[in-house]
Structure formats: structure tokens, C-alpha cells
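Q: Quick one, fold the following:
(one chain, ligands or ions: 1)
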Amino acid sequence: MFRVPRGTRDFLPEQAERFRSLENLAADLARRYGYGELRTPIFEYTELFERGVGESTDIVEKEMYTFTDRGERSLTLRPEGTAPVVRAFVEHKLYTGPMPAKYYYFGPMFRYEKPQAGRFRQLWQFGVELFGAPGPRADVEVIALGWHYFRELGVESRLVLNSIGCVQCRIGYKEALVSFLTGRDMCRDCCSRLERNPLRVLDCKNDGCRAALESAPVITDYLCPPCREHFDQVKAGLAGLNIPFTVDPLLVRGLDYYNRTTFEYKTDALGSQDALGGGGRYDGLVELLGGPGTPAVGLALGIDRIEMLNPPALDTGGGRRGVWLVTMEPAAAEAIALAHELRRKGVPVQYDLLARGVKAQFKQADRHRCRWALVIGPDELESGRAVLRDMESGDQQQLNLATVADELAALEGVK
Ligand code: HAM
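A: Alright, predicted model coming up:
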């Protein structure tokens, strides 16, 4: 027997509908904030991620689905959406258009991580990327959009904020951090990180490393005046929108492209997989990937984790929907014609395809959770009137067949 590959999932209709609602809400919200959809391929040339995400990140070192195609090119299933959007921004010279340029995406990403609750190998993200605005208002808008999404869904999340400064600030900070941590008891990964990418040590979950970090120097003490000013204005902008946040100087995030603002939305409800989303500013990435120097800021939200929190806004109450047409010979063909007219008007309609009797059809109407059952047999066609049964209350009413399509459309609220 075949099973889905480890870390991936099938979405059966009920859950697929929840994902569709999450996508619809994301698209609607992005539109309200002035973002246009940008769809990029599921795979890209491997080098894009090596350069864009960073050679010494966990994603590039351990988590990419990389393969060689029949033309001997190295391709990688996208582990994230920012590098592909930047690639498209540069490739299509979108920087020649009006600024800021704002894009959103919703789709699957792939990371070879150890699967556990809330961690998948095919994961879904809703992301936005904003180009061409260097000032703190852009950071605030992006952070507010994510916050707004959680609010509309009724999901609790905590916003955690940091600034990792610019290259200049980090030179001084890295020196201080390395000299503080050298000789301390840390995991093997962190010993090598200390040489190659010391900020990644701040991210380590190992108890020994966390203990070593307790009195370590913090990046926010090393910000240069312009970076400090930017950070202060981001905080003031969020406060002005009544968006609560805490500052965590250990928040560095696992991707190399960030500078200045980084942030995460966290939950207490999912154990160790506590990040519902995150993002930050990445002013150097467009240039790194071959475009003109263009400031940028963005975020991505983890849709799998958000769905696991059972957002109240997705709660459909398991209500009944649509109409079951109970048909009988010799009137079935006419009843079916009516079913198609109803569907064209937007009413969800089902009918028997297995030559079942009337009683069995009512049972099917119930099992398929239809709201109404409408009986159309030869007598109904002759009298021009049909009985509509409310499958919830059992109440019955007579409908005029000449106007039944409009009446049902009105009852279903599609008009
Ligand atoms: P990220 O923090 O790597 O950022 O991923 C964003 C979110 O995707 C995470 O907070 C988490 O909710 C979800 N996620 C990541 N990995 C998994 C997984 N294995 N299973 C389930 N959910 C997962 C980025 O990807 C950046 N591109 C965000 C960004 C956009 N920065 C600037 N623009």
C-alpha cells in the first residue's frame, strides 16, 4: 500500500476548504493593503537559494530538496518565497515600475526537516514582499498586515520584535559575541557557528547554549545611530496602531538576508513549533541577486500552523448546505434539467446517480448534509408544485415549479 511521503499530507475536502478560506482571506487582505499576487515556479535553480538564503543557513545546508534534471541542471524545490520573488523582481525589471512595489504569494514550500507536530516537509506560506521603501513605515505596514490577518481569523499571537542592525553594527556585535562565547560550553553545531555565522548561536535551542547566552552582549546595544533611529520609529509606529509587541534581542531568524528589523508572531499553543510567521527587512538582497540596490521588507506566515489552531473565523458550524433533488421515473430527466438550472443560478444541488428509491434518496440527502430536499416526480411536474423539505427541522412547504429556481436561490442566499 502506498502512503503520502513523510512530512506531507493529503487535504480531504473539509480541511481543503479550510485552507481555501485561509487563502481567500489572505488574498482579500493583501488586496486591501495594495499587494498584487505574484506566482513563481515551485522549483528554481539551486544557486538562487544558496546565494539568496545563505550558504551557512540550516535551510541551505540541510533542508533543501535538490535534484538534477534531465538536462543536468541543479534545481531545488523552493524552501521559501522571498528569494524567488526577488528573482522575479529583478528578472522582469519590476524596479522600473512605480514604487513601492508590493507582492503577495500563497503556496507550498519544501524543507527536509524532521517532521513533528506543526512541522512538515511540504508547508504552506502566505507571504508579502514590499520593495523600494527604506523607511520604518514600510516595516510597520508589513508587520501590521500580518497582525491584521491573525485578528481577522481570531487567532491569538504574540509579536516579537528585534533589530539586527546593518553590516556595520554587526561587525562590532559579532566581535563582542565571539569573544564572550569563546571557551564556553556549547553544542558542537554552535562551536562551528561561532566561526562561520556567530549570530546563529542566538537561535540555538540547546540548554547549554541558552545558558551560555544568558548574560551575553545583545545586538540592540550595538546599533549605529541610524539603525537605532529606524528601530525606535518602527516601535513607535506599532504603538501608534495599538499593536502590542515585545523586544527580544535574541531573535535572529534562520535566513541570512535580513538587516535591521526582524520579527516573529508566536503562539503558546503549539509546543516547540511556536512561530506562526516571521519576516524582516532585507535591503541587500535585490542587489545580491543582480538588481539595483533596492530596500525591501516582507513576511511569511505558516498556514499549516495557523490552521492547526482552529481559527474561530473558519468555523462553519458544520451546517447543512444546498438541495438534494429527489427524482423518480419517468420524471427524472426533467428533474435533472432543473438541477442544472439551479446550479447555474448558484445553488448547490445534488441528485441520485445510483438509481436509488425515494426513501434511500432522502437518506442520501441527510448523509450528504443537504439543507433541503425537493421532491420532483410525475405528479409534481403535472401540478406544477413540489414539496420542499427542510432537512433540519423536517418542516415542509409547497413551491411553485415555475419559480423554484429563484425561490431556492433566495433561500440559499446566493442572490
Ligand atoms: P521562515 O521563518 O523561514 O521565513 O518561515 C515563515 C513561517 O513558515 C514560519 O514562521 C512557520 O510558521 C512556517 N514554517 C517554516 N517551516 C515550516 C515547516 N517545516 N512546517 C510548517 N511550517 C513551517 C521565511 O520563509 C521568510 N521567507 C519570510 C520572509 C518574507 N522574510 C521576508 N519576507
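Q: Enumerate the residues of the stretch 51-200 of the chain near the ligand.
A: Counting by C-beta under 6 Å from any ligand atom, the residues of the stretch 51-200 of the chain lying close to the ligand are 80, 81, 82, 111, 113, 119, 120, 123, 125, 127, 129. Just so you know, the C-beta spots here come from the backbone N, C-alpha and C atoms, and that holds for glycine as well.
Q: If we use 5 Å, what do you get?
A: Counting by C-beta under 5 Å from any ligand atom, the positions of the stretch 51-200 of the chain adjacent to the ligand are 80, 82, 111, 113, 119, 120, 123, 127.
Q: TSV please, covering the residues you listed and showing neighbour count.
A: Output for these, formatted as TSV (neighbours: other C-beta atoms under 10 Å):
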residue	neighbour count
80	20
82	26
111	20
113	16
119	17
120	22
123	22
127	25
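Q: Closest one to residue 259 out of those, please.
A: Out of those, the one with the shortest distance to residue 259 is residue 82. That distance is 13.4 Å, counting by C-beta to C-beta.
Q: how close does the closest one sit to residue 255?
A: Here the criterion is C-beta to C-beta, to the nearest Å. By it, residue 82 lies 8 Å from residue 255.
Q: next one: residue 338
A: Taking C-beta to C-beta as the measure, residue 338 falls 56 Å from residue 255.
Q: related to what we said a few turns ago, out of the residues of the stretch 51-200 of the chain next to the ligand, which sit inside strands?
A: The strands, defined by DSSP state E, take in 123, 127 from these.
Q: Take the residues of the stretch 51-200 of the chain next to the ligand and lay them out in JSON lines including pLDDT.
A: Shown next, in JSON lines, are those (pLDDT from 0 to 100):
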{"residue": "80", "pLDDT": "98"}
{"residue": "82", "pLDDT": "98"}
{"residue": "111", "pLDDT": "98"}
{"residue": "113", "pLDDT": "97"}
{"residue": "119", "pLDDT": "97"}
{"residue": "120", "pLDDT": "98"}
{"residue": "123", "pLDDT": "98"}
{"residue": "127", "pLDDT": "98"}
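Q: Counting only helices, which of the residues of the stretch 51-200 of the chain next to the ligand make the cut?
A: Under the assignment DSSP state H, these contribute residue 82 to helices.
Q: got a list of what the closest residue in space to residue 124 that isn't next to it in sequence touches?
A: Across the structure, with C-beta to C-beta, 6 or more residues apart in numbering as the measure, the residue nearest residue 124 apart from its sequence neighbours is residue 303 (3.9 Å). Applying C-beta atoms under 8 Å, 6 or more residues apart in numbering, we find residue 303 in contact with 19, 22, 23, 106, 123, 124, 125, 126.
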